[in-house]
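Q: here is my input; please provide its structure:
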Amino acid sequence: MGKQTVLKVSEGKTEEAIRDFLKSLLKGGVIEALLVPKRLPSGDGFAQTLIHDPEKMDGACALSLTMPVQSARVASHLSVKNLNKRIAAVLKPCEIRAVVELTKFLQVKLDHLLLIGVDCPGTFEVADYSKMIQEGKEGGKLEGEILKGMERGEAVSPEGYGFRPACQMCEYPTPTADIHIKLFGYKTEEEVGLEIGEKLEKEMEEKGLVSYAGDGPSSRREVVGKVVAAREKKRDEAYQEFRGVVKDLQSFLDRFSTCIRCHNCMVACPICYCKECVFRTAIFEHEGDQFLRWADRKGGIRMPTDTLIFHLIRMAHMVTSCIGCGLCDSACPSRLPVATLFRSVGDKIQKMFGYVPGRDVNEVPPVATFKEDELKIESGAL
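A: Presented below is the predicted three-dimensional model:
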């Protein structure tokens, strides 16, 4: 556990207090650049932005309520060929867990990358958030309402809207990071918690950027537990409903019959990192005469073909490392429950191997090792 401190918030301006702290990291030379969500000029969304000049921090928002991209992919691009420049990335818990998984597969280097994690209440679909703002919801006011809910461990959203399904059943609302910005359980109009990891605690203190205090409010543990319990309940209900519908390959095919094999879920997924993908080769990119031969032999074929095997092969490749960010759901034009599929199957497979993706960078993923007895399942395990 790192050193604890707090950011004092003046006049209830929580977002501004966090922004000033992040700006101090740039001004103090702790980092050379910062990847952080920044509010769009229109005010109805956010985009991850790489900032070098502290004066360009206006609009930066650590508590961004949308996730247009999975920033673990961005962290990969920034770190793999980094020229020894220290960069920090402000990420949500699921993004940090994805970074941990990608580190194991040599897709992220942590040598010069600092992870700044923020307690996450959940995110809205990009289009929903934009619509809320257009309907007159002020961004700052909406964030304020959600922060008040985080004090009590309650999910607050405007009437008629809800957090993305993946967020509603995410049991990891708090991150493990080099710097942890704590919101659950704090009176965020007055203060925000900070936990500084071992990598930075001495440097930050020497530069006068923090002074360490005791633990945060005693209610925090209870509040976080309340959030986790509510999400686990939602998760278990989603698993039960999905498994009740998808019982075999035929029901799987029926449920995913509207899949157009656009590959959007694969592109959005942070764990699908292969530079050369089998789905973009001649194995699956068939010529027209091949379809005609199949149709001639069988009398008729479903188009597009291979939708079932597409999802099955994707699961076989990365389901042990699925961190449940749900961007596959958000990317699907047919609104298929891709995330629920991967989480439901992943839950069983991960338990089979005793593996929790994103838990520890030193934990070897099942696909990278082999044990003779690894598939011996105890009675009742599944």
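Q: where are the low-confidence patches of this protein?
A: Within the chain, the segments meeting pLDDT under 70 span 1, 83, 139, 374-382.
Q: nearest residue to the middle of it?
A: With distances taken as Cα atoms, centre = their mean, the residue of the chain nearest its centroid is C94 (2.9 Å).
Q: wasn't that one part of a helix?
A: Yes - under DSSP: H, G, I helix; E, B strand; the rest coil, C94 falls within a helix.
Q: now do the same contact list for it.
A: Counting by Cβ atoms under 8 Å, 6 or more residues apart in numbering, C94 touches 70, 120, 170, 172, 323-325, 358. Yep, even glycine has a C-beta here, placed from its N, CA and C like the rest.
Q: all the helices of the stretch 101-250 of the chain, residue numbers only.
A: Under the criterion DSSP state H, counting those that start in this stretch, helices of the stretch 101-250 of the chain are mapped to 126-134, 139-152, 165-168, 198-206, 219-245, 249-255.
Q: ok, residues contacting the third one?
A: In other words, helix 165-168. Here helix 165-168 makes contact (Cβ under 8 Å, 6+ apart) with 120, 122-123, 155, 162, 231, 234, 238, 324-327, 329, 337, 339-340, 343.
Q: just the buried residues of those residues.
A: With burial judged by 16 or more other Cβ atoms under 10 Å, the buried subset of these is 120, 122-123, 155, 231, 234, 238, 324-327, 329, 337, 339-340, 343.
Q: domains in the protein, by residue range?
A: Using automatic domain parsing, the domain parsing of the chain gives 3-233, 246-368.
Q: tell me which of the ones you listed sits most buried.
A: Each of the domains of the chain was given a mean neighbour count from mean count of other Cβ atoms under 10 Å, and the largest, a mean of 18, is that of domain 3-233.
Q: need the max-distance pair from the contacts of C94.
A: The most widely separated members of these, counting by Cβ to Cβ, are Q70 and Y172 (14.7 Å).
Q: circling back to that earlier point, can you redo the contacts of C94 as a markdown table with distance to D296?
A: Formatted as a markdown table, these follow (distance: Cβ to Cβ, whole Å):
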| residue | distance to D296 |
| --- | --- |
| Q70 | 42 |
| C120 | 53 |
| C170 | 48 |
| Y172 | 51 |
| I323 | 44 |
| G324 | 43 |
| C325 | 43 |
| G358 | 48 |
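Q: of all these, which comes closest to V364?
A: G358 (13.6 Å).
Q: out of everything not next to it in sequence, what's closest to the closest one?
A: Closest residue to G358 apart from its sequence neighbours, by Cβ to Cβ, 6 or more residues apart in numbering: R97 at 2.5 Å.
Q: what about the strand or helix carrying the one you found, distance to the chain center?
A: Counting by DSSP states H and E, the element that carries R97 is helix 93-104. Taking the mean of its C-alpha atoms, helix 93-104 sits 8 Å from the chain's own mean (Cα atoms, centre = their mean, to the nearest Å).
Q: list the contacts for the residue nearest to G358?
A: R97 sits next to 172, 175, 323, 357-359 when contact means Cβ under 8 Å, 6+ apart.
Q: any idea how far it is from V361?
A: From R97 over to V361 the distance is 10 Å, taken as Cβ to Cβ, to the nearest Å.
Q: now the end-to-end length of stretch 85-101.
A: Terminal residues of stretch 85-101 lie 22 Å apart, using Cα to Cα, to the nearest Å.
Q: distance from it to the middle of the chain?
A: Distance of stretch 85-101 from the chain centroid (Cα atoms, centre = their mean) equals 9 Å.
Q: go on, stretch 192-207?
A: Distance, stretch centre to chain centre, for stretch 192-207: 24 Å (Cα atoms, centre = their mean).
Q: related to what we said a few turns ago, which one of the contacts of C94 is nearest V210?
A: V210 lies nearest to C120 out of these, by Cβ to Cβ, at 22.4 Å.
Q: the closest one and K92 touch, don't they?
A: Yes - at 4.7 Å, C120 counts as touching K92 under the criterion of Cβ atoms under 8 Å.
Q: between these two, what contacts are shared?
A: With Cβ under 8 Å, 6+ apart, C120 and K92 have common neighbours P175.
Q: what strand or helix carries K38?
A: strand 33-39.
Q: ok, residues contacting that strand?
A: Applying Cβ under 8 Å, 6+ apart, the set of residues contacting strand 33-39 from outside is 22, 25-26, 45-52, 57, 59-62, 64, 71, 74-75, 78, 85, 87-90, 139.
Q: likewise stretch 290-306?
A: By Cβ under 8 Å, 6+ apart, stretch 290-306 touches 257, 260-261, 284, 286.
Q: V9: which of the residues you listed is nearest?
A: The closest of the contacts of stretch 290-306, once distances to V9 are taken by Cβ to Cβ, is I260, at 47.4 Å.
Q: what sits against that closest one?
A: I260 neighbours (Cβ under 8 Å, 6+ apart): 304, 307, 333-334.
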